[in-house]
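>>> Structure for this input, please:
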Amino acid sequence: MFIELCLLAAGLQQGREIRGTVRDARTGEPMAIVTVELVGSGQETLTSAAGQFSLGVLNPGAYTIKASTVGYRLLQARFEVSGMGAHGLDLALSPDTFQRIERIEVRADPFDLAQQRSATEFAIDGSEAKNLAGVLADDPLRAVQSLPGVSANDDFDSRFSIHGAPYERVGLYLDGVLLHTPFHTVQGEGPSGSLTVFNGDMVDNMVLQSEAYAARYEDRTAGVLDVHTRDGSRTQTAFRVTAGAPDAGVLAEGPLGGSHRGSWLLTFRKSYLQYLVHASADQSAVAFGFTDFQGQVSYDLSRTQNVKLKVIEGTSDLDRSAHRDQLALNSSMKAGYGFTLAEAEWQYAPAQTFVVRTQGAFVRERYDDLNRQSQALGEGFYGEWMAKTTATWSESRNAQLEFGASARRIRGDGFADYFYDPFRRERVESHHGTQRLNGGYAQQSWSVLGQRLFLSAGMRWDGVASPQGSVALRPWKSGRLQFAWGEYAQFPDVKDVFSAYGSRALRPERSTHWAVSLEQRLGTLARFRVQAYERADRDLLFRPFLEARLVNNQIVGDNFAAPLTNSLRGRARGIEFFVQRRTANRWNGWVSYSLGYADMRDGLTGIRFPSDQDQRHTMNAYAGYRIRPTVNLSTKWTYGSGFPVPGFFAKSVDSYVLAPARNGARLDPYQRTDVRINKSKTFDRWKMTVYAEVVNLFNRPNYRFDSYNGYDASGRASLSFLKTFPVLPSAGVMAEF
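Prediction:
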């Protein structure tokens with residue numbers, strides 16, 4: 001018996017104690033409540049608050065360990081046990097929307113997702129974007145609608161406004177390419193809404209800058225949304241299948257080449273929401289179907305050179321021919337919309353201090369629209385070729401120079417008809433022409449006084465000069481005070497320049513921004529910021545004589561031939577507060593409040609009015625919490641005081657009438673609460689996640705302005721309003737292999 005005990009003790013001493021830590025692959029932050037399992041043994045444990053785990057003592061040999069938690073990719077890794085003592089494992093978990101990696105990329109600052117320096121930037125990562133996008137829509141731009149300062153009171157539309165300015169004045173950049181209309185939509189049908197054409201599963205992060213953004217962004221005057229997509233996995237091939245309320249999709253990714261010097265990534269989505277709507281009681285409802293494809297390849301030519309190719313192809317279609325008799329003559333029976341983006345990129349870094357990036361892209365949009373008589377209501381085409389080169393030179397630890405140049409060639413043509421009867425129509429819009437827009441920029445930044453003072457000065461030239469500058473000071477270690485100023489230009493769209501009501505003499509719209517912000521860090525994982533802004537707009541495009549109104553108690557009717565002019569000036573100003581927490585553990589999210597005023601004045605008529613997107617009070621909140629290794633709960637809440645009803649209208653007892661003042665009537669306040677739960681389950685070689693969501697939990701009656709339909713001899717106006725989402729549950733599922 002004594003000999004047997006000695007042999008047993010000797011055997012135990014040959015094993016090794018297995019301990020380890022699980023970390024977030026992006027930030028290196030230790031992760032709590034992660035399930036760690038020794039495959040084949042039935043042995044599993046949860047990580048502690050410090051991300052640590054222990055599997056006890058294991059005998060020499062080869063083992064497989066598995067780590068999983070909701071919102072992160074399943075990790076399986078092999079390791080060897082030999083000798084005696086303690087053996088430490090460091091495991092990196094990649095979020096579902098993050099490129100799969102096996103190492104930890106430590107970021108010193110959890111809020112520094114894309115190294116922006118704007119006084120008004122707010123960034124969200126792919127995981128936050130995925131939860132905020134919603135199960136019902138699963139649209140990355142729906143996530144942006146919950147950010148501080150953003151107003152979006154239309155549940156059907158992906159677009160948004162910033163500080164009283166419409167989406168058309170916000171630049172949407174996808175990996176450096178300015179996009180025009182990247183949406184699934186139906187032209188000519190307001191109720192159709194829109195859905196972003198690129199897939200949210202490919203988004204790494206999104207950075208919103210509302211005022212005083214950098215000189216590298218061109219041709220927009222009211223804000224920038226910079227979207228960065230991720231590459232495919234360079235470590236292993238993986239597949240993801242999703243099915244939700246509106247659509248189903250497949251994502252595949254993997255390494256390229258035997259040396260893993262590159263990666264590929266493919267996604268495909270197809271909707272089926274239109275079939276559900278067609279089977280519903282409302283047979284005349286507008287629901288379009290869509291299909292889109294996205295592919296991306298990245299490859300390292302050498303240690304200093306990388307090339308990327310990207311293609312996005314999306315089509316939308318509407319077919320209501322089965323309900324022809326229920327449609328008005330100017331309603332769409334059949335419609336189609338197509339979007340194409342093809343991009344090539346070459347990046348060259350001959351030294352760690354110098355990087356050059358050259359891009360070439362082609363963007364195409366096309367649509368057609370038929371009425372119940374199969375007559376064309378409208379057709380259109382937009383095409384753009386773009387070439388851009390940018391460079392960054394880190395002259396020293398405390399100085400950096402950025403510069404670049406771009407060339408764009410834009411072509412557009414199209415028309416829109418209005419039918420009085422099947423045999424009589426009027427062409428209300430037509431255009432055909434080509435534009436060339438060239439530009440360049442340079443921006444120099446410095447840090448002095450032991451990196452307590454940051455200075456930046458830049459200039460953009462696009463035929464007009466647009467200077468920018470900023471000063472940032474760290475008055476104390478955890479605080480940052482920043483002042484920024486800039487001028488910006490936006491050129492008329494090709495449709496405006498070459499239409500019957502437009503002119504080649506139209507000037508670019510201009511704006512001047514001022515912003516000041518004070519940010520206080522609350523530990524390493526939270527921050528509070530207060531910021532004030534002012535935007536002065538001039539030469540904005542406007543048709544001052546288009547809309548019907550009262551003048552000296554007399555009705556002046558609509559004038560569809562009214563010219564487009566640079567007669568509008570505007571002023572937007574306000575203050576904004578938010579507090580945010582970002583961590584891989586416990587709760588994360590933000591709460592924000594914005595108070596803003598956006599007023600306009602027309603130089604030809606002298607009228608003054610609130611902007612069409614003037615929303616005085618805006619509150620946005622988001623919170624997410626990983627309750628268990630398999631359960632994550634999140635909620636978002638939005639409140640916005642009502643937008644103006646666009647036009648010269650006043651509210652009477654039960655209707656609207658023409659008025660002498662523009663935008664005097666307003667919609668009721670918008671309020672919506674959504675709740676979402678993600679539940680995951682891990683199997684031997686794959687993982688399944690079920691999503692469940694309730695939209696508008698408290699069933700708030702929210703309405704949007706749809707259309708103006710004319711007026712009668714007494715001045716009573718006919719307006720249409722649409723009720724947006726009621727309380728609406730939805731669900732989806734994702735399987736990852």
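>>> Pull the contacting residues for the residue nearest in space to the middle of the chain.
Nearest to the geometric centre of the chain sits residue 141, at 3.6 Å (Cα atoms, centre = their mean). Neighbour list for residue 141: 158-160, 196, 225 [criterion: Cβ atoms under 8 Å, 6 or more residues apart in numbering]. Any C-beta I mention is one placed from the backbone N, CA and C, and that applies to glycine too.
>>> cutoff 7 Å now
Neighbouring residues of residue 141 by Cβ atoms under 7 Å, 6 or more residues apart in numbering: 158, 196.
>>> what about the helix or strand where it lies, distance to the chain center?
Following DSSP states H and E, one finds residue 141 within helix 140-144. With Cα atoms, centre = their mean, to the nearest Å as the basis, helix 140-144 stands 4 Å off its chain's centre.
>>> Could you chop this structure up by domain?
14-93, 121-736 (automatic domain parsing).
>>> any idea of the mean pLDDT in stretch 356-373?
Stretch 356-373 comes out with an average pLDDT of 93.
>>> Which parts of that stretch count as buried, going by neighbours?
Residues of stretch 356-373 classed as buried: 356-361, 363-372 (neighbour count, 16 or more other Cβ atoms under 10 Å).
>>> quick one: the helices in this protein?
2-13, 126-133, 140-144, 273-278, 494-498 (DSSP state H).
>>> How many residues are close by residue 57?
16 (other Cβ atoms under 10 Å).
>>> Just confirm it contacts residue 17, I think it does.
Yes. Residue 57 is in contact with residue 17 according to Cβ atoms under 7 Å; the separation is 5.1 Å.
>>> Run a quick neighbour tally on residue 424.
With other Cβ under 10 Å as criterion, residue 424 counts 8.
>>> My error: substitute residue 51 in the last question.
Residue 51: 23 neighbours (other Cβ under 10 Å).
>>> Do you know the pLDDT at it?
As predicted, residue 51 sits at a pLDDT of 90.
>>> check contacts around the nearest residue to residue 539 once chain neighbours are set aside.
Take residue 539 and drop its neighbours on the chain: the residue closest to it by Cβ to Cβ, 6 or more residues apart in numbering is residue 566, 4.1 Å away. For residue 566, the contacting residues are 506-507, 539, 541, by Cβ under 7 Å, 6+ apart.
>>> Same check on residue 649?
656-659, 665, 717, 719.
>>> Widest-spaced pair of those?
Of all pairs drawn from the contacts of residue 649, the greatest distance, 12.5 Å, lies between 659 and 719 (Cβ to Cβ).
>>> buried residues in stretch 33-42?
In stretch 33-42, counting by 16+ other Cβ under 10 Å, buried: 33-39.
>>> Over to stretch 305-316?
306-308, 310, 312-316.
>>> Residue 519 pairs with what?
Going by DSSP bridges, residue 519 is paired in beta bridges with residue 480, residue 529.
>>> right, and it touches residue 480 too?
Yes. Here residue 519 reaches residue 480: they are 4.6 Å apart, a contact under Cβ under 7 Å.
>>> for stretch 473-493, what is the average pLDDT?
94.
>>> how distant is that stretch from the center of its chain?
21 Å.
>>> same deal with stretch 355-375?
Distance, centroid of stretch 355-375 to centroid of chain: 19 Å (Cα atoms, centre = their mean).
>>> For it, C-alpha coordinates in CSV please.
Once non-C-alpha atoms are left out, stretch 355-375 reads as follows in CSV (Å, rounded to 0.1, in the frame of the first residue of the first chain):
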residue,chain,number,x,y,z
VAL,A,355,2.4,55.5,-45.4
VAL,A,356,0.9,56.1,-48.8
ARG,A,357,-2.6,54.9,-49.8
THR,A,358,-3.9,55.0,-53.4
GLN,A,359,-7.5,54.2,-54.2
GLY,A,360,-9.6,53.9,-57.4
ALA,A,361,-13.3,53.4,-57.3
PHE,A,362,-16.4,53.3,-59.5
VAL,A,363,-19.9,53.9,-58.1
ARG,A,364,-23.1,53.4,-60.1
GLU,A,365,-26.7,53.9,-59.2
ARG,A,366,-29.7,53.3,-61.5
TYR,A,367,-33.4,53.2,-61.1
ASP,A,368,-36.7,52.9,-63.1
ASP,A,369,-40.3,53.4,-62.0
LEU,A,370,-43.5,52.3,-63.8
ASN,A,371,-47.2,53.2,-63.0
ARG,A,372,-50.2,50.9,-63.2
GLN,A,373,-50.4,51.5,-67.0
SER,A,374,-46.8,50.4,-67.3
GLN,A,375,-45.9,53.9,-68.2
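>>> Flag the shaky bits of this protein, pLDDT-wise.
1-15, 83-87, 100-117, 188-192, 273-287 (pLDDT under 70).
>>> Can I get the buried part of the contacts of residue 649 as one PyMOL selection?
Applied in PyMOL, the following selects the buried portion of those according to 16+ other Cβ under 10 Å:
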select buried, resi 656+657+658+659+665+717+719
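>>> quick check, nearest of the contacts of residue 649 to residue 700?
residue 665 (20.3 Å).
>>> Spit out the contact partners of that closest one.
644-645, 649-651, 656.
>>> one more time with 10 Å
By Cβ atoms under 10 Å, 6 or more residues apart in numbering, the contact list for residue 665 reads 642, 644-652, 656-657, 659, 705, 717, 719.
>>> Residue 563 now?
Counting by Cβ under 10 Å, 6+ apart, residue 563 has contacts 500-503, 506, 543-546, 604.
>>> let's see 6 Å
residue 501 (Cβ atoms under 6 Å, 6 or more residues apart in numbering).
>>> same question, residue 201
Residue 201 touches 97, 251, counting by Cβ under 6 Å, 6+ apart.
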